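>>> next input, structure requested:
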Amino acid sequence: MPGPGAYWFGKEEIEAVKEVIESGYLFRYGSVNDPKFLHKVSTLEKEFAKYCGVSYALATSSGTASLLSSAIALGIKPGDEVIVPAYTFVASYSSLIFAGIVPVLAEIDGSLTLDPDDVEQRITSRTRAIMPVHMLGNPCNMDRIMDIARKHDLLVLEDACQAAGASYKGKKIGTIGNMGAFSLNIFKTINSGDGGLIITDDATLYENAFAVHDQGHKPNRFGVEVGSRNILGLNFRINELTAAVALAQLGKIDRIVSTLRSKREKFKSMISDVPGFRFRTLNDPDGDCGTICTVIFDTKEQAVKVSSALGSKTVDHSGWHVYANMEHILHHLKQIGQPHEKGDYPNTDDILSRAMNISVGVVDGGLGTGWGININSTDQEIETAASQFREACK
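Predicted coordinates:
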C-alpha cells in the first residue's frame, strides 16, 4: 500500500538504477575524475535545492534522520522544549527524544495541523522551537506560526515528511522556517523506498546538519578526508542507488501533485452535497499535495458508521499517527512529567474521532486511508467510490 510516486515507478527509475549498478560504484563519495562515479547523491541535493528555491539540500537515510539531524544542527539542547502536534507520525516525537529534547504536544485544529492558538499557550521559558507538521500533505498555517515564533524568539523546524511538493502562499514548504525535513519512504509523494532530505538557506545550519549526518565531516567531500571536525556525528548517509531512484521521482513530482489535486477535486465535487460532514480545512487550497481527502463528520457515531461501512476506520483508530495510540511515547512523556494520557488533548481527540481519511494518492491503512482512490484511478472508479461514500452516508 504505497504512496503515489510508487504507482508511477517506470522506465526512468529502472534506467537510473541500472546505470548505477553498471557503474559498480554505489557509495555517495568518490573521485570526480573517476568515470564510474556518477555522483547521484550530490546531484539529487542540488536538484532538490533548486526545486525548493533554497541554497542547500542534504540527502539522508530517512525522514527521521532528517528531523534528528536538523534538530541538533539548530542547536536545540537536551532539556529544551519543542512544540509538536498531537497528531503526527511517531518520528516527530522520537527524533526529538533521541536528542534529549522534550516534545511538548499541542492541539490540532480543523486542518489536522497545529492549532496556532494552542501553540502560544504551551510556550514556557524552556521552549526553544516549534515543529509544525504539514500533516497529510496539508501545509500548516505558517503565517500564524511564524508570527508566534518571531514574537517569542523561537526556531521553526518544518516537518515536511508527508508533504513534498506542497507550498504555502507561493513558497515551497520547508523554506519558511529555519529548516525543513522530508521523507522519501514508500508512503510519500515521491519515494526511493526509504530516504530523506533537509533544506535550508543558512550555510551554518547546512554544515551542522551535514556533520551530524556523516560523522562530523564538512560538506561535499569527495573521498574520505580528515579535517577540522567539532561536531559529533552519526551515519545517516544515503547511497547512489537510493539517490538515483529519488532523482527519477523528483522529475515527476509536479505532475504527481497536479494529478492528485485534479482527482481529489473530482471526488469532492461528487460528494460535496452530502449532509453531515465537512471537508478538512486547507490552509492553502492551491498548495496542498492532494494526497488525501479528509472528511470530518458532525458526530462520532456517523463517522464510525460510514467508515465501517466502507471497510475503513475513523482517524483516532488509524494507528500510531495518533498520540493516544503510541504507548511507548506516552510512557516516555509520563517519565518526564508531560501530559501522557488519552484525553489530555481533548480538541484533537474530538476531531480525530469524527474524521475519516480517504485515499487519493497515499493508500496506507496506518493513516486510515485503506479505502478510496489512487493516482491511477479512472473517472469511472472515482464515480464508483463517490457513490459508495454517498450510500454509506445514508
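
>>> what about the helices in the chain?
For the chain, the helices defined by DSSP state H occupy 4-7, 11-23, 40-52, 63-73, 91-98, 116-121, 142-152, 203-213, 240-250, 253-271, 300-309, 327-335, 346-353, 379-393.

>>> pick the most buried one from those.
The highest average neighbour count among those, using mean count of other C-beta atoms under 10 Å, belongs to helix 63-73 at a mean of 28. Where you see a C-beta, it was placed from the backbone N, CA and C, and this is true even at glycine.

>>> my guess is Thr127 meets Glu81, correct?
Yes - at 4.6 Å, Thr127 counts as touching Glu81 under the criterion of C-beta atoms under 8 Å.

>>> anything in contact with each of the two?
Residues touching both Thr127 and Glu81 comprise Val104, with contact defined as C-beta atoms under 8 Å, 6 or more residues apart in numbering.

>>> just to revisit the earlier point, now the helices of the chain as JSON lines including distance to Asp284?
Converted to JSON lines, these look like this (distance: least, C-beta to C-beta, whole Å):
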{"stretch": "helix 4-7", "distance to Asp284": "19"}
{"stretch": "helix 11-23", "distance to Asp284": "29"}
{"stretch": "helix 40-52", "distance to Asp284": "16"}
{"stretch": "helix 63-73", "distance to Asp284": "22"}
{"stretch": "helix 91-98", "distance to Asp284": "21"}
{"stretch": "helix 116-121", "distance to Asp284": "15"}
{"stretch": "helix 142-152", "distance to Asp284": "9"}
{"stretch": "helix 203-213", "distance to Asp284": "25"}
{"stretch": "helix 240-250", "distance to Asp284": "22"}
{"stretch": "helix 253-271", "distance to Asp284": "12"}
{"stretch": "helix 300-309", "distance to Asp284": "26"}
{"stretch": "helix 327-335", "distance to Asp284": "29"}
{"stretch": "helix 346-353", "distance to Asp284": "20"}
{"stretch": "helix 379-393", "distance to Asp284": "24"}
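
>>> can you put those in JSON lines and add mean pLDDT and distance to Pro285?
As requested, these are exported to JSON lines (pLDDT from 0 to 100; distance: least, C-beta to C-beta, whole Å):
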{"stretch": "helix 4-7", "mean pLDDT": "96", "distance to Pro285": "19"}
{"stretch": "helix 11-23", "mean pLDDT": "98", "distance to Pro285": "30"}
{"stretch": "helix 40-52", "mean pLDDT": "98", "distance to Pro285": "21"}
{"stretch": "helix 63-73", "mean pLDDT": "98", "distance to Pro285": "25"}
{"stretch": "helix 91-98", "mean pLDDT": "98", "distance to Pro285": "24"}
{"stretch": "helix 116-121", "mean pLDDT": "97", "distance to Pro285": "18"}
{"stretch": "helix 142-152", "mean pLDDT": "98", "distance to Pro285": "14"}
{"stretch": "helix 203-213", "mean pLDDT": "97", "distance to Pro285": "31"}
{"stretch": "helix 240-250", "mean pLDDT": "98", "distance to Pro285": "24"}
{"stretch": "helix 253-271", "mean pLDDT": "98", "distance to Pro285": "9"}
{"stretch": "helix 300-309", "mean pLDDT": "98", "distance to Pro285": "23"}
{"stretch": "helix 327-335", "mean pLDDT": "95", "distance to Pro285": "32"}
{"stretch": "helix 346-353", "mean pLDDT": "98", "distance to Pro285": "19"}
{"stretch": "helix 379-393", "mean pLDDT": "98", "distance to Pro285": "19"}
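
>>> quick one: closest of those to Thr281.
Thr281 sits nearest to helix 346-353 of all the helices of the chain, at 10.5 Å, using C-beta to C-beta.

>>> list the contacts of the closest one.
So helix 346-353 is contacted by 85-87, 107-110, 112, 115, 118, 296, 300, 303, 314-316, 322-324, 342-343 (C-beta under 8 Å, 6+ apart).
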